[in-house]
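A.B. asks: Okay, sequence plus prediction incoming.
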Amino acid sequence: MLTELRISEFAAELGSAKPAPGGGSASALAGALAAALARMVAQLSGEGWEGFLPQAQRLTEQLLHLVNKDTQAFNQVMAALQLPKGTEEEKQERKRALRLATRLATEVPLQVMEFSLEVLALAQDVAFRGNKNCLSDAGVAALLAAAACRGAAYNVLINLPGLRGDELAAAARRRVEEILRDVGVLEGTITEHVTQALG
């Protein structure tokens, strides 16, 4: 499990010649770190954050799970590509396995986007209402959450050509566009607030 590695070991895996873990797992990790940072700021901000803390913890755990799941999904695509295709039956089985694996490899980063958008909203909350001494931390949480969304979007889009004719492809593209619009608005609002406050 990637999330059981030490940070130095994970970085070594990420920088190896192996194609996975790659940008998808890195994006999920960025989202998890953002959620953890937002939770830290909330805990240093006094009373009134009781409902916030479990939500931030849940998102941290969900995104850490997706760090592993993204690499697993990619490996399933690679395994499907290596299936035999000598007979017509083998070709059909390979095609079916590849489509299923590609669907999973699309759904996982889309989940990363959904969760990271939630994290970005939490980052906005702590940036505007949290401990002013932790404003830079809230700003970093926002940057990481936005990066997680944008990075995961790339990983959704790169898989869509493999889903031609699949209703998931059109729905995923629409959702990516919606989330990125929301990310742009939230990130802009938080950046402006943090920059002016630290100015």
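C.D. replies: Looks like it arrived, so ask away.

A.B. asks: just the strands in this protein please.
C.D. replies: Applying DSSP state E to the chain gives no strands.

A.B. asks: Okay, helices next: where are they in it?
C.D. replies: 7-14, 23-43, 52-81, 88-129, 135-157, 167-198 (DSSP state H).

A.B. asks: how near is Glu107 to Leu168?
C.D. replies: Distance, Glu107 to Leu168, by C-beta to C-beta, to the nearest Å: 8 Å. (Each C-beta comes from the backbone N, C-alpha and C, glycine too.)

A.B. asks: what about stretch 6-20, distance to the chain center?
C.D. replies: How far stretch 6-20 lies from its chain's middle: 18 Å, per C-alpha atoms, centre = their mean, to the nearest Å.

A.B. asks: about what we covered before: can you tell me which of the helices of the chain is most buried?
C.D. replies: Comparing the helices of the chain by mean neighbour count (mean count of other C-beta atoms under 10 Å), helix 23-43 ranks first with a mean of 26.

A.B. asks: helices and strands around it, which ones?
C.D. replies: helix 7-14, helix 52-81, helix 88-129, helix 135-157 (3 or more C-beta pairs under 8 Å, 6 or more residues apart in numbering; DSSP states H and E).

A.B. asks: Since that was my last question, I'll sign off now.
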